[in-house]
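S.K.: pasted the sequence and its predicted model underneath.
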Amino acid sequence: MAEADAPMLRRAKIVATVGPATDELEVLTQMVRAGVDVARLNASHGTVEDRRRRLGLLRSAAQRADRCVGVLLDLGGPKIRIERFRDGRVQLAEGAPFRLDTALDPKAGTATVVGVAYKDLPRDVAAGDTLLLADGQIVLDVEQVSRTTIDTRVRVGGELSDRKGVNRQGGGISAPALSDRDREDIRFAAQQGVDYVAVSFAREAADIEEARRLIRAAGGEARIVAKIERHEAVENLAGIIEAADVVMVARGDLGVEMGYAELTGLQKTIIHESRARNRVVITATQMMESMIQNPVPTRAEVSDVANAVMDGTDAVMLSAETATGRYPVRAVQAMAQVIEGAEKYQLTHPRARQRAVEGEFKGTEEAIAMAVTYTANHMKVRAIVALTESGATPLWMSRMRSDIPVYAFTRHEATRRRVTLYRGVYPVIFDVTGPGQSTEELYRALFARLLELRLVDRQDLVILTKGELSGVQGGTNSMQILKVILD
């Protein structure tokens, strides 16, 4: 197959949430085959045993589909929720009084009062504040606050049901980012070898550092995802990005706290700032929300996903679309098609492609990655092969936006799963410490593996990065341009 005829690999990755709609092995296998790169376990719902069962199901599906799939455990965090209503859903009328009462029986809510799970909410709220319920669909003006109650007036009414979220417009909720339940889930993540752990409602870098400390103390190696969904997180954005491995634009609560008019600009800023600091970034929430019920996305959703891809996001995420939706496989297929369309546009419109990262290099691996991507963009190179232990060099390359695929050749399963989230990076099983240590034998083994997987053809040019001492983490210090020749 000539270079001009080679199929274009999808570069941006797909994160899909597993849940009740994916609890059949065949459905999950079809989703993986359709293009799921990373599966998300949402700790806000279900039990640890539910997550254990779904993780086992996922790993079986990945094996059946013969694909490497990463795992992201999304911690529940301090989501502030109302309690339950005595007789089911209620209707709040505009202008009517409505009380939030932390001392009320959790199941005794009515159309005039409801309990709150977070007992310190009255301390975080004052008269004149605005509270938003159910992702901002219901708006309450705070009139009076006592030790256990918050009296409000309904500004925007509507239907309200059990356990809906509560946000204070402008932020300011003092609940810590990590709850006791989150600590239990962190231990689960360490025990199960989960690849990524997402910290919900982080306010500052210390929240990310605390999560990392807890994971390492439990024996885990998971990378930390900082979810940007609080007003305080936006104010402390630079520090949070620096502390995290991955940043998630969590548009649901972020839009509620900051206001929807600000959301698009914030999304672009977070993506740009994350990539500028060489961090991976995920764009999430309601990307194809209509596909919870419908077999095709809306045109607005198509544009939303495509714009995130063209802004440089590493991954786009499906939530309820796959966890509880009617068409989980179709949702993955649709997202993959939209990504491919956006990337095809970028490929044919050079102005739409972002420049490489600029600034001083932090180390040898970053310098090598920059040299590789510059060379690949100025030669007819078919592939970039990175012999890697930790995945660090492929990560640097993915920040620099070459359109040449980067194959992370590694013997470590954890590294292969980790790189599934990196834009334009694809994992390949390869043991660089195996028999045959001469340079010629290494090249022969690499070429044989590339040809076996149909990633290149004979006579193609590839760029190889490796360390002087094979199998040593952090040792990448050279690049070579090679022609695929196999006797």
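M.R.: Noted; the coordinates are in hand.
S.K.: so where's the stretch 51-200 of the chain uncertain?
M.R.: For the stretch 51-200 of the chain, not a single residue meets the criterion pLDDT under 70.
S.K.: do a quick rundown of the strands in it.
M.R.: When secondary structure is read from DSSP state E, counting those that start in this stretch, the stretch 51-200 of the chain shows strands at 70-74, 90-92, 97-101, 113-115, 130-133, 138-145, 149-156, 158-160, 166-168, 196-199.
S.K.: save those strands as CSV, and put in mean neighbour count and distance to Ser274 too.
M.R.: (Each C-beta comes from the backbone N, C-alpha and C, glycine too.) What follows is the strands of the stretch 51-200 of the chain, written out as CSV (neighbours: other Cβ atoms under 10 Å; distance: least, Cβ to Cβ, whole Å):
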stretch, mean neighbour count, distance to Ser274
strand 70-74, 26, 16
strand 90-92, 17, 38
strand 97-101, 20, 35
strand 113-115, 21, 38
strand 130-133, 21, 26
strand 138-145, 18, 31
strand 149-156, 18, 33
strand 158-160, 16, 35
strand 166-168, 23, 23
strand 196-199, 27, 14
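S.K.: let me have those in a markdown table, extended by distance to Val484.
M.R.: Shown next, in a markdown table, are those (distance: least, Cβ to Cβ, whole Å):
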| stretch | distance to Val484 |
| --- | --- |
| strand 70-74 | 29 |
| strand 90-92 | 67 |
| strand 97-101 | 67 |
| strand 113-115 | 66 |
| strand 130-133 | 58 |
| strand 138-145 | 61 |
| strand 149-156 | 63 |
| strand 158-160 | 62 |
| strand 166-168 | 55 |
| strand 196-199 | 34 |
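S.K.: which one, of the ones you listed, ends up nearest to His378?
M.R.: The closest of those to His378 is strand 70-74. By Cβ to Cβ, the value is 31.7 Å.
S.K.: on that earlier part again, of all the strands of the stretch 51-200 of the chain, which lies closest to Val247?
M.R.: Closest approach to Val247 among those (Cβ to Cβ): strand 196-199, 10.1 Å.
S.K.: downstream of the closest one, the next helix or strand is which one?
M.R.: helix 205-217 (DSSP states H and E).
S.K.: out of the strands of the stretch 51-200 of the chain, which is closest to Ser478?
M.R.: Of all the strands of the stretch 51-200 of the chain, strand 70-74 comes closest under Cβ to Cβ, at 28.2 Å.
S.K.: give me the contact list for that closest one.
M.R.: 15, 17, 37-44, 51, 55, 58, 185, 188-189, 192, 194-198, 200, 222, 225, 227, 417-418, 420-421 (Cβ atoms under 8 Å, 6 or more residues apart in numbering).
S.K.: each with direction, which strands does that strand pair with?
M.R.: Strand 70-74 pairs in its sheet with strand 38-42 (parallel), strand 196-199 (parallel), by DSSP bridges.
S.K.: dump those to CSV, plus distance to Gln346.
M.R.: Listed next are the strands paired with strand 70-74 as CSV, based on distance: least, Cβ to Cβ, whole Å:
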stretch, distance to Gln346
strand 38-42, 22
strand 196-199, 26
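S.K.: what's the longest helix in this protein?
M.R.: The residue-count maximum for a helix in the chain (DSSP state H) belongs to helix 328-348.
S.K.: doesn't Leu263 belong to a helix?
M.R.: Yes. Counting by DSSP: H, G, I helix; E, B strand; the rest coil, Leu263 falls inside a helix.
S.K.: re the thing from before, quick one: closest of the strands of the stretch 51-200 of the chain to Phe430.
M.R.: With respect to Phe430, and counting by Cβ to Cβ, the nearest of the strands of the stretch 51-200 of the chain is strand 70-74 at 18.3 Å.
S.K.: excluding its backbone neighbours, what's nearest Asp245?
M.R.: Arg223 (3.8 Å; Cβ to Cβ, 6 or more residues apart in numbering).
S.K.: what's the burial count for the one you found?
M.R.: Close neighbours of Arg223, defined as other Cβ atoms under 10 Å, add up to 21.
S.K.: quick check, it in contact with Tyr196.
M.R.: Yes. Assessed by Cβ atoms under 8 Å, Arg223 is found in contact with Tyr196 at 5.2 Å.
S.K.: return every residue with contacts to both of those two.
M.R.: Asp245, Val246, Arg418.
S.K.: in helices, which of those fall?
M.R.: Among the shared contacts of Arg223 and Tyr196, DSSP H puts Arg418 in helices.
S.K.: name the nearest of the shared contacts of Arg223 and Tyr196 relative to Ser438.
M.R.: Of those, the one sitting nearest to Ser438 (Cβ to Cβ) turns out to be Arg418, at 29.7 Å.
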